[in-house]
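>>> Predicted coordinates and the sequence they were generated for:
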Amino acid sequence: MGVSPLLYLFKRFFILYSNQQISIQKKKSRGFDSCWHTSNVFTGDYWDEFGLLLAQKPSADKLKVLVLGAGKGACVRPILASHSSCKITLVDTDKKSLLETKKIFEDYFPDIQCLEFVHNDAEAFLESCRSEYDLIWVDLYTNTGYAPCMNHQKFYSKLNDVLSFNGSVAVNCFTTASPLSIEQLGVAESFVASKLQTITNEVSYIPYRRNMTMIASRKNRQFRLMNIDHLKIKDQLVLNIQKHRIKYKKNVLISKVRDSLPDFEGVDKEFASRWNNSGMLNNNYLHSVLKNESINENDLSEITSSSKNALSFLSVVIGGMNHKYLDEIFLKWSFDRILKFSVFSKTELDYFLTQFVSVVVRSEIDHERIEFLNNKINILEIV
């Protein structure tokens, strides 16, 4: 006897959420490499895109996912939100963190039974691996920059060896190109893209963050959103917003490629140089204005009308500041903007939604407004 659709949705909901309310953050030298909550699946960060990449694949029994650089497992529930039938292998060199992550899932999400935790170096794991994976997520960093293995062609060749026939490799790149000149990749992302092109020519990226998701797919896949009725309404909104972003992912245009990846300091220097030469809002000025707690919606409107692409920079800076008073003002201002306008330029919409989703996740927002935004997001026009 088959399981009823209603019972199936209930089980999927029960697996993804916990009655015990906790927030988990794993710090690294430049912010967090994991940040998630038991009460919601999505956080507005780059790992929300994990599940969307799997949703691009046709349905299959037991899709296999490999995560190199597990953090605190922030990717797991976004993957399961879009594909419940999969096996996820999480590999990390930090044994203590890996054991803590395993215990978190055992204590708070005991019905998630599809996880395998492997304490190993990414290169060593790939060297001995005899399995193939439908999605490989690479999120490998040290305290100073990209992991050393990311510099070597051998690493990308090994990724190719364990990738399934129609699989995809996704790399979290800390970049200079986003949000400045999205048409021209910076040094770090150009290097990674050139290496991924040894796996397949189908290399694209999801822009508008300093953390850019670079995707190498053996088949040019279109986004395919699965049934999301099992998600809480705010998570449904986040997934709808992310759908717009991944649908318009860009093919890479590589500039001159260096012999190795820059460290974090080198990436930051290139970013600052590109910002200063962009003719956009001064970064320090923008931060000083936004830190004034008496700021209101009119001030935001003035900023966005002050220079070319000001909306893009405003959204990026607010999304990264994480100040409660600013989130509330930006959310109200954004809500009014979406209410009044249904037509956006593509670049404006993508910049805007990238950071809007981060603020939505952080804020208390009533059910009625979320429903309105869900409906409105789905009919936004891009010109």
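Here it is on my side, so go on.

>>> Quick one: distance of the helix or strand where Asp268 lies to the chain centre.
Assigned by DSSP states H and E, Asp268 belongs to helix 264-276. From the chain centre to the centre of helix 264-276 is a distance of 21 Å (Cα atoms, centre = their mean, to the nearest Å).

>>> do the same with stretch 132-139
15 Å.

>>> now do stretch 365-374
22 Å.

>>> The stretch 251-383 of the chain: helices as residue ranges?
Here the stretch 251-383 of the chain has its helices, by DSSP state H, counting those that start in this stretch, at 264-276, 283-290, 297-304, 310-321, 324-340, 346-362, 367-379.

>>> Low-confidence regions, the stretch 1-150 of the chain specifically.
1-14, 21-36, 51, 54-61 (pLDDT under 70).

>>> Would you check that Ile228 makes contact with Val238?
No: look at Ile228 against Val238 with Cβ atoms under 8 Å: they stay out of range, at 10.0 Å. Heads up, the C-betas are built off the backbone N, CA and C, glycines and all.

>>> Between those two, tell me which one has more neighbours.
Val238 (25 against 17; other Cβ atoms under 10 Å).

>>> coming back round to it: ok, which of the helices of the stretch 251-383 of the chain comes nearest Cys75?
Comparing these against Cys75 with Cβ to Cβ, the closest turns out to be helix 346-362 (15.7 Å).

>>> ok, back up a step: can you redo the helices of the stretch 251-383 of the chain as TSV, where the extra columns are mean pLDDT?
As requested, the helices of the stretch 251-383 of the chain are arranged in TSV below (pLDDT from 0 to 100):
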stretch	mean pLDDT
helix 264-276	80
helix 283-290	73
helix 297-304	79
helix 310-321	67
helix 324-340	75
helix 346-362	68
helix 367-379	73
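
>>> can I get those helices in a markdown table with distance to Pro110 and mean neighbour count?
Below are these laid out as a markdown table (distance: least, Cβ to Cβ, whole Å; neighbours: other Cβ atoms under 10 Å):
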| stretch | distance to Pro110 | mean neighbour count |
| --- | --- | --- |
| helix 264-276 | 38 | 16 |
| helix 283-290 | 42 | 14 |
| helix 297-304 | 44 | 16 |
| helix 310-321 | 34 | 21 |
| helix 324-340 | 33 | 16 |
| helix 346-362 | 25 | 22 |
| helix 367-379 | 29 | 13 |
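
>>> okay, those helices in CSV with distance to Lys95 next?
Output for the helices of the stretch 251-383 of the chain, formatted as CSV (distance: least, Cβ to Cβ, whole Å):
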stretch, distance to Lys95
helix 264-276, 24
helix 283-290, 39
helix 297-304, 46
helix 310-321, 31
helix 324-340, 36
helix 346-362, 30
helix 367-379, 40
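
>>> Report all helices and strands that the helix holding Asp268 contacts.
Packing partners of helix 264-276 (3 or more Cβ pairs under 8 Å, 6 or more residues apart in numbering; DSSP states H and E): helix 187-196.

>>> let's see it at 10 Å
Applying 3 or more Cβ pairs under 10 Å, 6 or more residues apart in numbering; DSSP states H and E, we find helix 264-276 packed against strand 163-174, helix 187-196, helix 283-290.

>>> Let me see the domain layout of this protein.
5-251, 279-382 (automatic domain parsing).

>>> Could you single out the most deeply buried of those domains?
Counting by mean count of other Cβ atoms under 10 Å, domain 5-251 has the highest mean neighbour count of the domains of the chain, with a mean of 19.

>>> Could you find the closest non-adjacent residue to Glu127?
Of all residues not flanking Glu127 in the chain, Lys158 sits nearest, at 6.7 Å (Cβ to Cβ, 6 or more residues apart in numbering).

>>> and stretch 87-101, how far out from the chain's middle?
Averaged C-alpha coordinates place stretch 87-101 at 20 Å from its chain's average position (Cα atoms, centre = their mean).

>>> Start and end of it, how far apart?
16 Å (Cα to Cα, to the nearest Å).

>>> before we move on, back to that, need the overlap of contacts for Ile228 and Val238.
Counting by Cβ atoms under 10 Å, 6 or more residues apart in numbering, the contacts common to Ile228 and Val238 are Ala81.

>>> Tell me where the stretch 1-150 of the chain has strands.
Remark: strands assigned in the stretch 1-150 of the chain by DSSP state E, counting those that start in this stretch are 23-28, 31-37, 63-68, 86-92, 115-119, 133-138.

>>> Correct me if wrong: Lys63 contacts Gly167.
Lys isn't right for residue 63; it's Leu. Yes: assessed by Cβ atoms under 10 Å, Leu63 is found in contact with Gly167 at 9.5 Å.

>>> just to revisit the earlier point, the helix holding Asp268 vs helix 283-290, what angle?
Relative orientation of helix 264-276 versus helix 283-290 (axes from the mean of the first three to the mean of the last three Cα atoms, to 10 degrees): 80 degrees.

>>> show me what contacts Gln20?
Thr38, Ser39, Asp107, Tyr108, Phe109.

>>> Tell me which entries of the residues you listed lie within helices.
Asp107, Tyr108 (DSSP state H).
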